[in-house]
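*Asks:* Just need the structure, nothing else, for what follows:
(one chain, ligands or ions: 2)
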Amino acid sequence: MMHGQHTPPARLALLGTGTVGSAVWARLMQWQGSALGERLRLVYAANSRFALGNPAGLPSAATDVLLQQAPQASSLEAVDVALAGDGVRIVVDATASAQVADQHAHWLARGIHVVTACKLGQGTDLARWHAIQAACEAGNTEYGDSATVGAGLPVLRTIRALQAGGDRIHAIAGVLSGSLAWLFNHYDGMQAFSGFVRQAREAGFTEPDPREDLSGEDVRRKLLILARASGYRLEDNAVQVDSLVPAALAGLPREALDAALPMLDAALRERYAAAYKNGAKLRFVARLQADGLATVGLEALPAEHALAGGGGTDNRVAIWSDRYAKQPLLIQGPGAGAEVTAAAMLDDALRIQVEASKAKVLPGRAKNSSMGNGR
Ligand SMILES: NC(=O)C1=CN([C@@H]2O[C@H](COP(=O)(O)OP(=O)(O)OC[C@H]3O[C@@H](n4cnc5c(N)ncnc54)[C@H](OP(=O)(O)O)[C@@H]3O)[C@@H](O)[C@H]2O)C=CC1
Ligand SMILES: N[C@@H](CC=O)C(=O)O
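*Replies:* Ligands and ions are numbered 1, 2, ... in the order given. Below is the predicted model:
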């Protein structure tokens, strides 16, 4: 059987129609009428307010308008109903919602695969991470998590491939935030840092609340995902995080955030000036050591340092393992943005569709291990 040919399409439920979710929807619609489009059928879409379902597939036009005109209020129970029945079924989570992440294990255990850009499933409580792994086993399902680190750069995939080949992961160090990479690639110590934060948010690089990035929280989650996939079963609170967000800014309601962003400026100007004096570059770095010590924070690195290079939203990740014991393996590329993230999510969905279809055609066939679930 050729890749994906003559297999029924996987049915998709898309949750989230914001920056990433609308890019997922647009990419699916571009594929309509093509060979790729025949493999994935969007049968349900929802944001936090509205939901729209059609077993025959959703139309391509005006997603927001359609959703707003939809008679159905959004509810997570409706996802189970929309994806009831046989065949390959996939929830595509493009939200930043803890409530949705809490349902991942539920869907996986019931035979519904999950593809997610949201890090709250595997990057928060260790118990939730374990529940997801157990649910994949119980439901014979896959957890497509490529977009959760590096916006789809082959970081998790590489870590899993190294281990599948017998390597232990010794250490990881990296710039794991696309928005913070972009900020420190643009900040020149003269223009206000807060102005760049606004630009990064407008460009769709930040989390819905940019304090998630600036506090190191988003990077902490990514480091936990990488560590756990590497065999270090770190608890949620095991990462030492050095936040860039002053307490006064952290405590504000979201509506008051924009006006208060200049609270960031003075401290960052000082840190920039100190680094500049020494010819160093500021980079927000995550580190996992062989003894399990995990840290996240702003560092002043020599300009020629491996983690100081790159441009734009580039993530840079160095991995030390048995075979890369002295010189690390380096992975670099854009680490934020709606299009790369959406593409990574749909890559996972396509892989699941073909592997799960094969497994149904050939009962007893071993599960796909190319993506893995961090087990
Ligand atoms: N931006 C990027 O470059 C990257 C983002 N990610 C991750 O992608 C995820 C989405 O980010 P982004 O698109 O920027 O966020 P947005 O805030 O733009 O969109 C979030 C969407 O989730 C919806 N939503 C919230 N709760 C629910 C729910 N219970 N059911 C259905 N939909 C819900 C929101 O609905 P409503 O419209 O009603 O508010 C909104 O449409 C985040 O987890 C982020 O970490 C990962 C990699 C890169
Ligand atoms: N806000 C995140 C988006 C991708 O995960 C980042 O800046 O890296």
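*Asks:* Assign a three-state SS to Leu330, would you?
*Replies:* strand (DSSP: H, G, I helix; E, B strand; the rest coil).
*Asks:* wait, isn't it in contact with Trp320?
*Replies:* No. Look at Leu330 against Trp320 with Cβ atoms under 8 Å: they stay out of range, at 10.7 Å. C-beta: built from backbone N, CA, C; applies to glycine.
*Asks:* which of those two has more neighbours?
*Replies:* Legend: neighbour count by other Cβ atoms under 10 Å for Leu330 and Trp320, higher for Trp320 (21 against 14).
*Asks:* what residues are up against that one?
*Replies:* 169-172, 328-329 (Cβ atoms under 8 Å, 6 or more residues apart in numbering).
*Asks:* mind listing the strands in the stretch 51-200 of the chain by residue range?
*Replies:* 72-73, 89-93, 113-116, 143-144, 169-175 (DSSP state E, counting those that start in this stretch).
*Asks:* Let me know which of those strands is the nearest to ligand 2.
*Replies:* strand 169-175 (9.4 Å; Cβ to the nearest ligand atom).
*Asks:* just to revisit the earlier point, going by distance to Val100, which of the contacts of Trp320 wins?
*Replies:* Ranked by distance to Val100 (Cβ to Cβ), these are led by Ile172 at 27.3 Å.
*Asks:* tell me which helix or strand of this protein sits lowest on mean pLDDT?
*Replies:* Least confident element among the helices and strands of the chain, by mean pLDDT, DSSP states H and E: helix 63-69 (a mean of 69).
*Asks:* before we move on, back to that, is it possible to export the strands of the stretch 51-200 of the chain to JSON lines including mean neighbour count?
*Replies:* Conversion of those to JSON lines gives the following (neighbours: other Cβ atoms under 10 Å):
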{"stretch": "strand 72-73", "mean neighbour count": "12"}
{"stretch": "strand 89-93", "mean neighbour count": "28"}
{"stretch": "strand 113-116", "mean neighbour count": "28"}
{"stretch": "strand 143-144", "mean neighbour count": "26"}
{"stretch": "strand 169-175", "mean neighbour count": "23"}
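*Asks:* Need those strands in JSON lines (columns: distance to Leu126 and mean pLDDT).
*Replies:* Shown next, in JSON lines, are those (distance: least, Cβ to Cβ, whole Å; pLDDT from 0 to 100):
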{"stretch": "strand 72-73", "distance to Leu126": "34", "mean pLDDT": "74"}
{"stretch": "strand 89-93", "distance to Leu126": "20", "mean pLDDT": "98"}
{"stretch": "strand 113-116", "distance to Leu126": "17", "mean pLDDT": "98"}
{"stretch": "strand 143-144", "distance to Leu126": "16", "mean pLDDT": "98"}
{"stretch": "strand 169-175", "distance to Leu126": "18", "mean pLDDT": "98"}
